[in-house]
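In: can't give you the sequence, but here's the structure:
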């Protein structure tokens, strides 16, 4: 979960988020190197009293400033394309849940089981306990097993919403009349918080998402209570 002292990405809780964090660090390293090289070159050309003939024109310098951006884009594009493939890969899913964005709460359906449907509303301040998180906790947490490939189907009943959990590297737009899907695997137990990331109306900021990751045995016990 994000804290006031955290200025970077949230700690990853899924293999996909680990890859996204690596790609972020990889791309930022390239950008810092480009900034240093461009800044040094500009400083060199602005502080000297004359301009080097070789720095302004010539076959060599034109070849360099044509090839370097192309090579840089290759180093960025290759891991990016791999991540795009992983984001759409849904071949080995074991559990499917459906989430529907509404004004302004979420509805969940466990499509693999019978009659498991519930709504989640943000917990009001009057009902909060000392160890709960203001504006982030909900009355019904979504229980999911760890180390299991999970597919999420999203839709909306009114306007555009976005089902987002940063620690899991998942962000899916929920659109009326359409089903979008995403997959993720939670690699450790815990609570993972998210919010609607689409400006959907007056109470847009009061649509939190809470995923509680448990062991498969505890998940089965929870299912037996819900059915």
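Out: Everything's here; your move. Keep in mind the model is a prediction, meaning the values are calculated, not measured. Numbers count the residues shown, from 1 in each chain.
In: helices and strands of the protein: which one bottoms out on pLDDT?
Out: With mean pLDDT, DSSP states H and E as the measure, the helix or strand of the chain carrying the lowest mean pLDDT is helix 53-56 (a mean of 58).
In: Isn't residue 27 up against residue 78?
Out: No: Residue 27 lies out of contact with residue 78 (C-beta atoms under 8 Å); the separation is 11.7 Å. Every residue, glycine included, has its C-beta placed from N, CA and C.
In: What residues sit buried inside stretch 165-179?
Out: Judged by neighbour count (16 or more other C-beta atoms under 10 Å), stretch 165-179 contains these buried residues: 165-170, 172-175.
In: Could you identify the most distant pair in the residues you listed?
Out: 167 and 175 (23.9 Å; C-beta to C-beta).
In: that older thread, so for residue 27 and residue 78, which residue has more residues nearby?
Out: Taking residue 27 and residue 78 together and counting by other C-beta atoms under 10 Å, residue 27 has the greater number of neighbours (14 against 10).
In: what packs against the strand or helix carrying the more buried one?
Out: Element membership of residue 27, judged by DSSP states H and E, is helix 15-47. Here helix 15-47 is seen to pack against helix 59-88, strand 180-185 when contacts are counted using 3 or more C-beta pairs under 8 Å, 6 or more residues apart in numbering; DSSP states H and E.
In: If we use 6 Å, what do you get?
Out: Helices and strands touching helix 15-47, as assessed by 3 or more C-beta pairs under 6 Å, 6 or more residues apart in numbering; DSSP states H and E, comprise helix 59-88.
In: Can you mark which positions in the helix it packs on are buried?
Out: 83, 87.
In: So that it lines up with my notes, have the first residue be 587 from now on.
Out: I'll keep to 587 as the first residue from here, and by that count the last item is helix 645-674.
In: contacting residues around the most centrally placed residue in the chain?
Out: Of all residues in the chain, the one closest to the mean position by C-alpha atoms, centre = their mean is residue 755, 3.2 Å from it. Neighbouring residues of residue 755 by C-beta atoms under 6 Å, 6 or more residues apart in numbering: 600, 602-603, 606.
In: Repeat the analysis, applying 10 Å as the threshold.
Out: 595-596, 598-607, 669, 672-673, 768, 770 (C-beta atoms under 10 Å, 6 or more residues apart in numbering).
In: List only buried entries from those.
Out: The neighbour count (16+ other C-beta under 10 Å) marks 596, 598-600, 602-603, 605-607, 669, 673, 768, 770 as buried among the contacts of residue 755.
In: was I right about residue 599 contacting residue 733?
Out: No: shown here, residue 599 and residue 733 do not form a contact pair, counting by C-beta atoms under 10 Å, at 11.5 Å.
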